[in-house]
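Visitor: Got a predicted structure here, sequence first:
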Amino acid sequence: MAGPLALVGGDELKPGNEPQDRILVEAAGDGPAYVIATAAARQRPDLAVANAHSWFEGLGLDVEELPLTKRSHATSREVAARARVGRFFYLVGGDPGLVPKVLADSPAWSAIVDAWRDGAALAGSSAGAMALGSWTLIRDRMPGDDRRRYRDALGLVPNVAVIPHLSTFGERWIPSALTAAPDGSILLGIDERTAAMFDGMWRVEGSGSVVVITASDRRTFEHGARIGGLPRPG
């Protein structure tokens, strides 16, 4: 049976994320636990890894980096073999377009998905969460542009495009995302330090809200609520 899947709205690895992170830690058991800093590859992946190690150590889990900051890492048999026996994977935030570019159709990503289907915990925050849908939303033209356009992502959660940071700047992305939305797509808005968690069903973990938006509807779900209108992942 597949393990828990958490789509986190950003501001990860900080107090307030305990509800979803404790669920992920429990699912990890004593197997290898990995932080994946692909989205931070152009920034400070070493700092992201250090922050993840410190944060999860406080929750009783020892995490190490699964090196996936370059395409050559994702196609490495050695990295894929390490991923296949992993029991915990956390994709941190950063560049929304970078994760699919590095991981799509790679042996390492296939191994991560196989491990998750065998019960490992899998989570992505901000750009990491965006990569898990059918599409990731990248800026239309220039840095700071609120207009978003669609780029194919990893497709673990079908027909979904994640909008993170809904409680801060994410709401500004929604008009352009709706205008450009592919037929049948679902926008999933997630507040910071909040997760849309799948563990047999979708529900809200954390103190914030999750919204499900289609061309004709917008529904808001609060802490602990079951989230309707989302497809099963996988």
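Guide: Everything's here; your move.
Visitor: Distance-wise, check residue 87 relative to residue 17.
Guide: Residue 87 sits at a distance of 19 Å from residue 17 (criterion: C-beta to C-beta, to the nearest Å). Using the backbone N, CA and C atoms, a C-beta is placed for each residue, glycine as well.
Visitor: Those two: which is more packed in?
Guide: residue 17 (27 against 20; other C-beta atoms under 10 Å).
Visitor: For stretch 161-179, buried residues please.
Guide: Using 16 or more other C-beta atoms under 10 Å as the test for burial, stretch 161-179 gives 161, 162, 163, 164, 165, 166, 167, 170, 173, 174, 176, 177.
Visitor: Can you name the two of the residues you listed that sit furthest apart?
Guide: 167 and 176 (18.9 Å; C-beta to C-beta).
Visitor: Out of the buried residues of stretch 161-179, which sit inside strands?
Guide: Taking DSSP state E as the definition of strands, those contribute 161, 162, 163.
Visitor: Tell me the one of those residues nearest residue 32?
Guide: residue 162 (26.2 Å).
Visitor: Would you confirm that that closest one contacts residue 190?
Guide: Yes. Counting by C-beta atoms under 8 Å, residue 190 is a contact partner of residue 162 at 6.6 Å.
Visitor: between these two, what contacts are shared?
Guide: Counting by C-beta atoms under 8 Å, 6 or more residues apart in numbering, the residues touching both residue 162 and residue 190 are 7, 129.
Visitor: three-state assignment of residue 3?
Guide: coil (DSSP: H, G, I helix; E, B strand; the rest coil).
Visitor: thought it was touching residue 29?
Guide: No. In this structure residue 3 lies outside contact range of residue 29 using C-beta under 8 Å: 10.0 Å.
Visitor: neighbour-wise, which of those two wins?
Guide: Between residue 3 and residue 29, counted using other C-beta under 10 Å, residue 3 has the larger neighbour count: 22 against 13.
Visitor: quick one: pLDDT of that one?
Guide: Predicted confidence (pLDDT) at residue 3: the value is 97.
Visitor: same question, residue 142
Guide: Here, the pLDDT recorded for residue 142 equals 56.
Visitor: before we move on, what about the one 5 residues further on?
Guide: We have a pLDDT of 76 for residue 147.
Visitor: I'd like to know how far it sits from residue 83.
Guide: 35 Å.
Visitor: Between these two, tell me which one has more neighbours.
Guide: Counted by other C-beta under 10 Å, residue 147 and residue 83 do not tie: residue 83 has more neighbours, with 27 against 16.
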